[in-house]
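**Student:** what follows is a predicted structure for the sequence shown.
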Amino acid sequence: MTDQHHEKYDSTNPIAQKLINQFMTSIDSLLTLTSHDIQSVTECGCGQGHVNRRLEQLYPNARIKGLDISDADLAIANAEKLSSQTELYNKSIYDIGEHEKADLVVCCEVLEHLENPELALQKMSQLNARYYLFSVPREPLWRILNMMRGKYWSDWGNTPDHCNHWSSRGFKKFVNAELTIIASRQPLPWTMILAKPD
């Protein structure tokens, strides 16, 4: 069975590929707003490493880490990482601490899957990074697009394992509870936010 978490990245559909390219371009765009001396990056929920490899390209001289709870995904991520110095390992986002401290903390396509996203956001904010990059599906657009392509009709277009659903406005409010938003982007069909500590 196709892993729903990674179907969007691996699709050969040209429309899906265009959306992912826009997603990655939005990452690039927001990270140009940070200072150029990012020396360390931690990705919380690196999955199979799609975003992590983009971070390796953007910050070739930085110490890059990625954590995830899926050994199967980590095996793929480690096999395809661009640098042998990139550290990818099994750890829950709820257990992050001193080892995960970095100039930039990234959490893309993770928070919608968590039973306690508020705790995850608090744990990440406690890392006191200089910058934070987040993304989540933009609702209800995400569900509408799923239904338009004939997916998940019995659950009104909700992707399996999505526990949380935010509009762009709602996600900004969520992030603002712990951090200060610098800028946001809305690559179809996501909300992406760059933030910093209060």
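**Tutor:** Everything's here; your move. Numbers count the residues shown, from 1 in each chain.

**Student:** what is the spatially most central residue of the chain paired to in the beta sheet?
**Tutor:** Note on the chain: the residue nearest the mean C-alpha position is residue 108, at 0.6 Å, using CA atoms, centre = their mean. Beta-bridge partners recorded for residue 108 (DSSP bridges): residue 135.

**Student:** listing request: residues of this structure with sub-threshold pLDDT.
**Tutor:** Counting by pLDDT under 70, the chain has low-confidence residues at 1-13, 141-144, 146-148, 150, 152-159.

**Student:** for it, just list every one of the strands.
**Tutor:** 40-44, 63-68, 87-90, 104-108, 131-137, 179-185, 190-197 (DSSP state E).

**Student:** CSV for those, including distance to residue 19?
**Tutor:** Glycine gets a C-beta too; all of them are placed from N, C-alpha and C. Formatted as CSV, the strands of the chain follow (distance: least, CB to CB, whole Å):
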stretch, distance to residue 19
strand 40-44, 20
strand 63-68, 23
strand 87-90, 25
strand 104-108, 14
strand 131-137, 11
strand 179-185, 13
strand 190-197, 9
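
**Student:** list the contacts of residue 91.
**Tutor:** By CB atoms under 8 Å, 6 or more residues apart in numbering, residue 91 lies in contact with 67, 68, 69, 100.

**Student:** next, count neighbours for the closest residue to residue 166 other than its chain neighbours.
**Tutor:** Spatial nearest neighbour of residue 166, chain neighbours left out: residue 136 (5.5 Å); criterion: CB to CB, 6 or more residues apart in numbering. Other residues near residue 136 come to 28 when the count uses other CB atoms under 10 Å.

**Student:** repeat for the one 3 residues further on
**Tutor:** Residue crowding around residue 139 was assessed by other CB under 10 Å; the count is 21.

**Student:** so what's it up against?
**Tutor:** Neighbour list for residue 139: 165, 166, 167 [criterion: CB under 8 Å, 6+ apart].

**Student:** so which of those comes closest to residue 54?
**Tutor:** Nearest to residue 54, judged by CB to CB, of the contacts of residue 139 is residue 166 at 22.6 Å.

**Student:** what about the lengthiest helix in the chain, distance to the chain center?
**Tutor:** Ranked by residue count and defined by DSSP state H, the top helix of the chain is helix 14-31. For helix 14-31, the separation from the chain centroid amounts to 13 Å (computed by CA atoms, centre = their mean, to the nearest Å).

**Student:** quick one: it to strand 40-44, angle?
**Tutor:** 140 degrees (axes from the mean of the first three to the mean of the last three CA atoms, to 10 degrees).

**Student:** show me what helix 14-31 is packed against.
**Tutor:** With contacts taken as 3 or more CB pairs under 8 Å, 6 or more residues apart in numbering; DSSP states H and E, helix 14-31 sits against helix 7-10, helix 50-58, strand 131-137, strand 179-185, strand 190-197.

**Student:** give the buried residues for that helix.
**Tutor:** 19, 20, 23, 24, 26, 27, 30, 31 (16 or more other CB atoms under 10 Å).

**Student:** look at the residue nearest to the third one when sequence neighbours are not counted and say how many residues are nearby.
**Tutor:** So that's residue 23. Closest residue in space to residue 23, ignoring its immediate chain neighbours: residue 187 at 4.9 Å, by CB to CB, 6+ apart. Neighbourhood size, residue 187 [other CB under 10 Å]: 19.

**Student:** alright, I will stop here.
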